[in-house]
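Chemist: One predicted model, sequence on top.
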Amino acid sequence: MEQDSLDRAFAALSDPVRRAIVARLSRGPATVNELAEPFDITLQAVSKHISVLEGAGLVWRTRDAQRRPVHVDAAALQRLTSWIDRYRLEAEARYRALDGLLAAAEPSRRKKEKES
């Protein structure tokens, strides 16, 4: 994933309202009015949040007569997840290696404790 798009996506998701919007859209498309229902903010503010998410490539809009539903871009979320997973897997491998070293050192530690 290109660094700029990664930066935009994580910056967009840094806001709790935008994370809630993405969470809602993961259940299906919704209009701005529907997305605004749980928040105590104006429709204009919700529209600005959606624009930030659009700019980050996380959501997109369609036109259905008078409705303009917003959709989450599952592929964009998958790219973020893949980026995170790469580092998670590396960290887990290091922890497994450390666990192995500690397990190998345990018998000699117990032996020294018995001798003391």
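Modeler: It's in.
Chemist: What's the local residue count around Leu58?
Modeler: Residue neighbour count, defined by other C-beta atoms under 10 Å, stands at 24 for Leu58. Placement of C-beta: from N, CA and C, glycine included.
Chemist: from now on call the first residue 216
Modeler: Renumbered: residue one is now 216, and that last one reads Leu273.
Chemist: in which helix or strand would I find the closest residue to it other than its chain neighbours?
Modeler: Sequence neighbours aside, Ala291 is the residue nearest to Leu273 in space, at 5.2 Å (criterion: C-beta to C-beta, 6 or more residues apart in numbering). In this assignment (DSSP states H and E), Ala291 forms part of helix 289-330.
Chemist: mind listing what's buried in stretch 245-258?
Modeler: In terms of neighbour count (16 or more other C-beta atoms under 10 Å), stretch 245-258 has its buried residues at Ala245, Val247, Glu249, Leu250, Ala251.
Chemist: So which of the residues you listed sit within strands?
Modeler: Within the buried residues of stretch 245-258, no residue falls in strands by DSSP state E.
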